[in-house]
Structures are given as C-alpha cells and as structure tokens.
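A.B. asks: Here you go, sequence then predicted model.
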Amino acid sequence: MASIRKRGKQGKYFSRIQWRDSDGIWNEESIDLYTNKKSTAVVRNAEVERVEDTIKAGDNWSFAWQNDDGKTNLIKLSLKDAYEEYRIVQNIDGVRASTLDRVDNSMKTLYKVFGENYPIASLTYSHIEQFKEYWHGTHQPTTMNINLSKIKAFHNWCLKKRYTIKDVEFKMVKEDEKPPQYLTDAEFKSIMKCDIIDDHFKKAFVFYLYTGCRKTEPFIADLNGNWLTIKSTDAKSHRTRDIELNEVTKGIVQEMRDRYHYYMDEYGQKSRNVIMNYGKQFKKACRHLGIKGKTLHSLRHTYAVRRWAITGDIKMVSQEIGHSSVVMTEKYAKFNLRKLRDDFPSLKERINLRLTPPSEDSYFTTLLNAI
C-alpha cells in the first residue's frame, strides 16, 4: 500500500510506493501530493492507491492535483516527448554536440517508421525488426547498426526512468568486416602528381598521411611550438593527444589553419564546409586517377598501417592515433607484412628487419665475443 511521507518538518506530503520486482530488487516511486495538510494528503493518497498496481507495472499517471484539467489521466509518453527529456539529460551530462547530432539523426529514422507520437511503452522486439526491414536496402549495415545502438541507449534510459517496462532486445545487423583502406606508395605518389589538384591540398594530404590526424583535428587543436594538442573535449576518444611536428608538417598545418580562418572571415563560409572541401578534393583526385574505395580518412588508415608495419607495436600505434582501446587498433595488425613490403617500397628495409630478425646463433655468438 502507498504510504504518506513528509519532506522536512514543514514540507509537503508525498506518496511512497515500494515493491520488489521479479528479480527481488526493491523499487520505489514517489508521487508529490502538493499539500501540507494531512487530511488532503490522505484523500490524494487514496487516489494513488487506486492505480498503485499499474504504477508498479510501469504506467505513468498525471493526477488531478498535478494538471490543469483537474482529472487523473494515464500518460502515454510519446517517442518524441521521451527523447526531448533524454536529450536534455545528455546535454547536462556533457555529451559532445556532434554525438547529440548523430543521435538526433538516429531518432529521425525511428520517427520515419513509427511517427513521433508513438508511445515509447509500446515499443517491442517486433518493432525493431520492422525498423530494420524498413531501412534494409536504403542504409548500409554499418549505418543501420549505428542507428540501432543510439536508439538502444535511449531505450535503456527509458527503462531506468520507467517510461517503459519492456526490456527490448536490439539485435544488430550482420555486417562483413572490412579491412582498413590504406593507400600504397604508388597511389599516393600519383595523387601528388595529379595536376587537377591545387598544391595546398596536396600538402594537406601529406600532413594527414604523416600525422594520422582525423579530418577536423588540424583545425580544432592547439598549436604550441612543435606540438599539436587535441584536447580531451575535442577528441573522439575523450583523451588528450599530442602530435609532434617537424618543420615541414608545422608549416603545412599553419597554412591549413590560415586558409580555414580566411575563408570563414572573408567569404562567410561555414567551418564544416571549409573542412569538408579537403575530403572533396581528395575524392576528386581519386576519381581522376581511377583509385576506388579511398577517402581522406584512408590517409589515417595508411598512417596506422605503416606504423604497425615497421614497429609491430600495436599499443603504441593505438596511442599515437588516439583510439580509446587497443582493440579498435588491432584491425591494422591483420595485414600480411610481405604484402605491405610490396605496397610500401619506402619501408622495405625496415619491414625486412621484422621479417628476418637476427638468428639465435648470431645472438649467442655476440654474447660469447663480449666475454
């Protein structure tokens, strides 16, 4: 039975409902009675007790003393209303704006199938399967799984808030593992000789290749002397990362940043459009040369593959490119070293050191000679 409680000595009354769920875990729901008079609180608590079983089952009620129409109504919280509250919470928790935008897009795909006003409490496993069927053939499996993961996180939050009591299974779409798309020495040299690309962009491509930066990082990082620092607040992994520059890469990134500010200040271009142009120019070069399946991000892949090829230290590579977990970096260690030796002639001697390490005989001979 719902019990009456009071907040503080002079506070107002509220109803408290406590129960054990099927797992034996205690749950509690507090409902404000909006009065400091016990007689009124008793009457209102009786109204709460009338629907107590449904509250324990996960329903939400708006009681007569809580709304303008003076009636007790069962609330069917819509997807949109629940998500608006979820987004506010995420913003308060410091979730990055770019992440919130991605979640917005994922929720729009859900609205497209069921509508914004569909009750969150009615969402079931069958609905998720219907969602996947609707977008099959339109979205790639990777995109589908990103959307499903964002919607799943939102649904789990709704479970904790008891906006729904159904623990829905989100089964991801099966997708084939795609290896990182790196550029061979020959492919990159051909891009450097491509006469339809401005020299500024060619230099930028060199910068991305030799630093492993993500597309936006040269423009949002701090440049201090010979160090480019990507702060944790801007980093995808939420970890600060320092990239050491030489005179060449330092000069290039300064030129990129100068151009970035010039086009925004002089022509009023948006930050995103200025940065995206680097990717467009890279694709333009690839199309012209017949290089397929490569994007500007492939230069980051190339950096990681080259670093692993000559060091064999996947943990170090993970730290250098700013992954939050070495597990994410292991995909770069799945290439055949002999194949990489052919693709990167510039690294041939260093890769050979890994392929033909000193023999044990020569090692022990060295030790004996030292006696």
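C.D. replies: Yes, it's here.

A.B. asks: ok, Glu330 - contacts?
C.D. replies: Ile314 (C-beta atoms under 8 Å, 6 or more residues apart in numbering). From N, CA and C alone the C-beta is placed, and that goes for glycine too.

A.B. asks: Could you report the separation of it from Asn145?
C.D. replies: According to C-beta to C-beta, to the nearest Å, Glu330 and Asn145 sit 19 Å apart.

A.B. asks: Nearest residue to the middle of the chain?
C.D. replies: Residue closest to the average C-alpha location in the chain (C-alpha atoms, centre = their mean): Thr99, at 6.0 Å.

A.B. asks: SS state for that one?
C.D. replies: Classification of Thr99 by DSSP: H, G, I helix; E, B strand; the rest coil places it in helix.

A.B. asks: tell me the pLDDT at it?
C.D. replies: For Thr99, the pLDDT comes out at 88.

A.B. asks: now swap in Gly8 and tell me
C.D. replies: pLDDT, Gly8: 78.

A.B. asks: Give the helix, strand or coil label for it.
C.D. replies: Using three-state DSSP, the structure places Gly8 in coil.

A.B. asks: which ones are touching it?
C.D. replies: Counting by C-beta under 8 Å, 6+ apart, Gly8 touches no other residue.

A.B. asks: I'd like to know how far it sits from Asn36.
C.D. replies: For Gly8 relative to Asn36 (C-beta to C-beta), the value is 10 Å.

A.B. asks: One more: Gln10?
C.D. replies: Taking C-beta to C-beta, one finds Gln10 at 7 Å from Asn36.

A.B. asks: Between the two, which is the more surrounded one?
C.D. replies: Shown here are Gln10 and Asn36; by other C-beta atoms under 10 Å, Asn36 has more neighbours (13 against 7).

A.B. asks: what's the burial count for the residue lying closest to that one once chain neighbours are set aside?
C.D. replies: The shortest distance from Asn36 to any non-neighbouring residue, by C-beta to C-beta, 6 or more residues apart in numbering, is to Lys12 (5.0 Å). Lys12 has 14 neighbours, counted by other C-beta under 10 Å.

A.B. asks: And Lys12, its phi and psi?
C.D. replies: For Lys12, the backbone dihedrals are phi -90, psi 160 (criterion: degrees, to the nearest 10).

A.B. asks: Same question for Asp222.
C.D. replies: Main-chain dihedrals, Asp222, degrees, to the nearest 10: phi -90, psi 130.

A.B. asks: partners of it in the sheet?
C.D. replies: Counting by DSSP bridges, Asp222 forms beta bridges with Thr229.

A.B. asks: list the contacts for it?
C.D. replies: Going by C-beta under 8 Å, 6+ apart, Asp222 touches 228-229, 231.

A.B. asks: are any of those buried, and which?
C.D. replies: Among the contacts of Asp222, those scoring as buried are Leu228 (criterion: 16 or more other C-beta atoms under 10 Å).

A.B. asks: just for the chain, where's the confidence low?
C.D. replies: 357-368, 370-371 (pLDDT under 70).

A.B. asks: Looking at the contacts of Asp222, spot the one nearest Ser106.
C.D. replies: Ser106 lies nearest to Lys231 out of the contacts of Asp222, by C-beta to C-beta, at 26.3 Å.

A.B. asks: Measure how buried the residue nearest to that closest one when sequence neighbours are not counted is and give me the count.
C.D. replies: Distance criterion C-beta to C-beta, 6+ apart; nearest residue to Lys231, sequence neighbours excluded, is Thr240 at 5.7 Å. Neighbour count of Thr240, defined by other C-beta under 10 Å: 14.

A.B. asks: Check Phe114 too.
C.D. replies: Neighbour tally, Phe114, other C-beta under 10 Å: 16.

A.B. asks: ok, now Asp101?
C.D. replies: Asp101 has 10 neighbours, counted by other C-beta under 10 Å.

A.B. asks: Fine, thanks again, bye for now.
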